[in-house]
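Student: Any chance you could fold what I've pasted below:
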Amino acid sequence: MRRLRILMPAIFVIAALLGSSQQASAHEVRLVATINGAGRAIMDDASPLKGTTTYFIHARLYSDGTAIGRFDCVDLAGSTAEGDFFGPITSWKMVNGMITLSGPGQLRALNGDLVPGIGTTVLPYTVTIQKFGGKGTGHWTLDVPFFAPVAICSELLTSGRLVMATPGRRGEGDPD
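Tutor: Modelled structure (predicted):
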């Protein structure tokens, strides 16, 4: 019994140290998921713009809401508003099962020139992924408040894939 009384303070110190190291590790930022996608899409009926686009989305999503990645959407010749909207992906959130990626973007004409009236203006944007998958299934929207109070593009994939994978698991939208 005497040994137990002597060891108790040491046990409490060890327990406190273990608890604090577990608490510190609980606050570490960790990779939550990776999103990859590239291909073509068409602006559907919900989109105020019309036309065909090529898209590229790559993002690593972290537990603190930050993200590292890149977004690029080119509205091809013949679309309502031809041009290349692109930028880094810096944050993300999930609401009602949909993932929204955000960042500062830029717009350039198809020939690479600055767009008159916009120039090098940084344009905050969001891309919301409604559905992962491939042709006829994958769907995302682009919202650039500078241009309109609603999503300016509502895109249905016509080729390529949009996939989300979590560490150690196959991605949603992967082939069966």
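
Student: Relative to the host helix or strand of Thr126, what are the paired strands and their orientations?
Tutor: Assignment of secondary structure by DSSP states H and E places Thr126 within strand 123-131. Neighbouring strands of strand 123-131 in its sheet, by DSSP bridges, are strand 98-108 (antiparallel), strand 139-143 (antiparallel).

Student: Who is the residue nearest to the spatial centre of the chain paired with across the strands?
Tutor: Nearest to the geometric centre of the chain sits Leu101, at 3.4 Å (Cα atoms, centre = their mean). Using DSSP bridges, the bridge partners assigned to Leu101 are Trp92, Val127.

Student: Same question for Phe71.
Tutor: In this structure, Phe71 bridges to Ile57, Gly87 when assessed by DSSP bridges.

Student: One more: Ser154?
Tutor: Thr141.

Student: do you know how far the residue lying closest to Val122 once chain neighbours are set aside is from Cys73?
Tutor: Once flanking residues are discounted, Val122 sits nearest to Pro104: 4.5 Å by Cβ to Cβ, 6 or more residues apart in numbering. Quick note: C-beta positions are derived from backbone N, CA and C, even for glycine. Applying Cβ to Cβ, to the nearest Å, the value for Pro104 to Cys73 is 15 Å.

Student: which one of those two has more residues nearby?
Tutor: Neighbours per residue, other Cβ atoms under 10 Å: of Pro104 and Cys73, the larger number sits with Cys73, 23 against 13.

Student: What helices and strands are in contact with the helix or strand harbouring the more buried one?
Tutor: Per DSSP H and E, Cys73 falls inside strand 66-75. Packing partners of strand 66-75 (3 or more Cβ pairs under 8 Å, 6 or more residues apart in numbering; DSSP states H and E): strand 52-62, strand 83-95, strand 98-108, strand 153-165.

Student: let's see 7 Å
Tutor: strand 52-62, strand 83-95, strand 98-108 (3 or more Cβ pairs under 7 Å, 6 or more residues apart in numbering; DSSP states H and E).

Student: For my notes, please list the ones you listed in TSV and give mean pLDDT and distance to Arg169 for each entry.
Tutor: Formatted as TSV, the helices and strands packed on strand 66-75 follow (pLDDT from 0 to 100; distance: least, Cβ to Cβ, whole Å):
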stretch	mean pLDDT	distance to Arg169
strand 52-62	97	14
strand 83-95	96	16
strand 98-108	96	16
